[in-house]
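K.L.:
Give me a 3D structure for the following:
(one chain, ligands or ions: 1)
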Amino acid sequence: MRLVLLGPPGAGKGTQAERLVAEHGIPQLSTGEMLRSAAAAGTAVGKRAKAIMDRGELVPDDVMVEIIAERIDLPDCANGFILDGFPRTIAQAEALDRLLEERGTKLDRVIEIAVDEGMLVSRIETRIKETGGVRGDDSVETLHKRIAVYRRQTAPVAGYYRRKGLIATIDGMGSKDEVTAAIAEALGATSAA
Ligand code: ADP
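P.N.:
Okay, the predicted model is just below:
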């Protein structure tokens, strides 16, 4: 199963992706995590990415597409994957379609986790308090920037997938378990179809 999880910063994509990994035995490909580990390792790409991430902006599409193209060719992705944080622009979504087409496959479903913006701010403020702000981009100022970037550049990706009939929009305002159940239902409906 090839899935995309879409949703603004703090929507709970990471939590739900982990649960989908446990349930379906396919890897979570979190581009944010990949970039943070590249930054921690001090690679050239990682250093450039860190400065961009810390400003709450997006890493260039060509860099992201190259990272994903390499990642989906690793053997653990043979039976599918859960994309968390990619695609974040229409150009990335189009590039992903091409990558999958070249490999004779396609996406099965796109899960959009919808939450209201006031909730995002309070969730991330909690995350900052709990973690002591270990993530360079977890500050209230950067959060507002990331939400604005989401609205402008990533929200249109939902429309792109809606036109392809791939999207299932889940209410992300419930408890973690309620969101997990709603996602399971959306995926069950797909395989039955
Ligand atoms: P969140 O979902 O909490 O905003 P992520 O961990 O997904 O955070 O991403 C953190 C940062 O990494 C983003 O703000 C952005 O700078 C960069 N990033 C991650 N994925 C992408 C992507 N697909 N395209 C461009 N930049 C990305």
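K.L.:
make it CA atoms for all contacts and neighbour counts henceforth
P.N.:
Noted.
K.L.:
helix or strand for residue 138, which one?
P.N.:
Using DSSP states H and E, residue 138 is not contained in any helix or strand.
K.L.:
Ok, the one 10 residues further on next?
P.N.:
Secondary structure here is read from DSSP H and E; on that basis residue 148 sits in helix 140-149.
K.L.:
so how far is that helix off the chain centroid?
P.N.:
In this view, helix 140-149 has its centroid 16 Å away from the chain centroid, taken as CA atoms, centre = their mean, to the nearest Å.
K.L.:
Going by contacts, tell me the helices and strands next to that helix.
P.N.:
Helices and strands touching helix 140-149, by 3 or more CA pairs under 8 Å, 6 or more residues apart in numbering; DSSP states H and E, are helix 117-131.
K.L.:
counting contacts, what elements does the helix it packs on pack onto?
P.N.:
Where contact means 3+ CA pairs under 8 Å, 6+ apart, helix 117-131 is packed against helix 140-149.
K.L.:
Can you show me the CA trace of the next helix or strand after the helix it packs on as CSV?
P.N.:
Moving toward the C-terminus from helix 140-149, the next helix or strand (DSSP H and E) is helix 155-163. What follows is helix 155-163, C-alpha atoms only, in CSV (Å, rounded to 0.1, in the frame of the first residue of the first chain):
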residue,chain,number,x,y,z
ALA,A,155,-3.0,23.0,0.9
PRO,A,156,-3.3,23.0,-2.9
VAL,A,157,-1.8,19.5,-3.0
ALA,A,158,-5.1,18.3,-1.4
GLY,A,159,-7.0,19.7,-4.4
TYR,A,160,-4.6,18.0,-6.7
TYR,A,161,-5.4,14.6,-5.2
ARG,A,162,-9.1,15.4,-4.8
ARG,A,163,-9.3,15.8,-8.6
